[in-house]
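Trainee: I would like the atomic coordinates for the input below:
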Amino acid sequence: MGKMAITINGAEPKNLYPAFTLASSALATGDDVILFFTPSGAPALKKGFFETIKAKGLPDMADLVEGFTDLDGRLLMCELGFEAKDMKEEDLREGVEIVGATTFIVEAQGSELTFSF
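Mentor: Alright, predicted model coming up:
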């Protein structure tokens, strides 16, 4: 079993689709996966956000996220996203872990694969 860490630097489909596709694939093969949302990516973690994303020829984003969380993938959000993006904790979807960059660095240690989108 391996470990993968992915940093998500935006809340656009071009940031989210590759991250969740690779992450879900790694989880399905038995790897541990963490996704770290920087302040620029933090708005994607608002309740209902993933359900609004539709892209022709690509899987349903909400289904990808549900599959990711069902396979015990972890969603980490940088605490700086709250002030930077005028967000509150109650805005977040269930299961999001709020952490600082230092915590992400510790959690990502030992990752065999790292990506940034």
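
Trainee: Tell me how far the residue nearest the centre of the chain lies from Lys56.
Mentor: Centroid check for the chain by CA atoms, centre = their mean gives Leu35 as the closest residue, at 3.8 Å. Per CB to CB, to the nearest Å, Leu35 is found 24 Å from Lys56. C-beta here means a position set from N, CA and C on the backbone, and glycine is covered the same way.

Trainee: Likewise for Glu90?
Mentor: Computed as CB to CB, the Glu90 to Lys56 distance reads 33 Å.

Trainee: and what of Leu92?
Mentor: Using CB to CB, Leu92 is found at 28 Å from Lys56.

Trainee: Neighbour count: these two, which is higher?
Mentor: The neighbour count for Leu92 versus Lys56, taken as other CB atoms under 10 Å, is higher for Leu92 (20 against 4).

Trainee: in the sheet, who's paired with the more buried one?
Mentor: Per DSSP bridges, the residues bridged to Leu92 are Lys46.

Trainee: Tell me the buried residues in the longest helix anywhere in the chain?
Mentor: Counting residues, the longest helix found in the chain (DSSP state H) is helix 13-28. Neighbour counts over helix 13-28 (16 or more other CB atoms under 10 Å) mark 15-17, 19-20, 22-24, 26-27 as buried.
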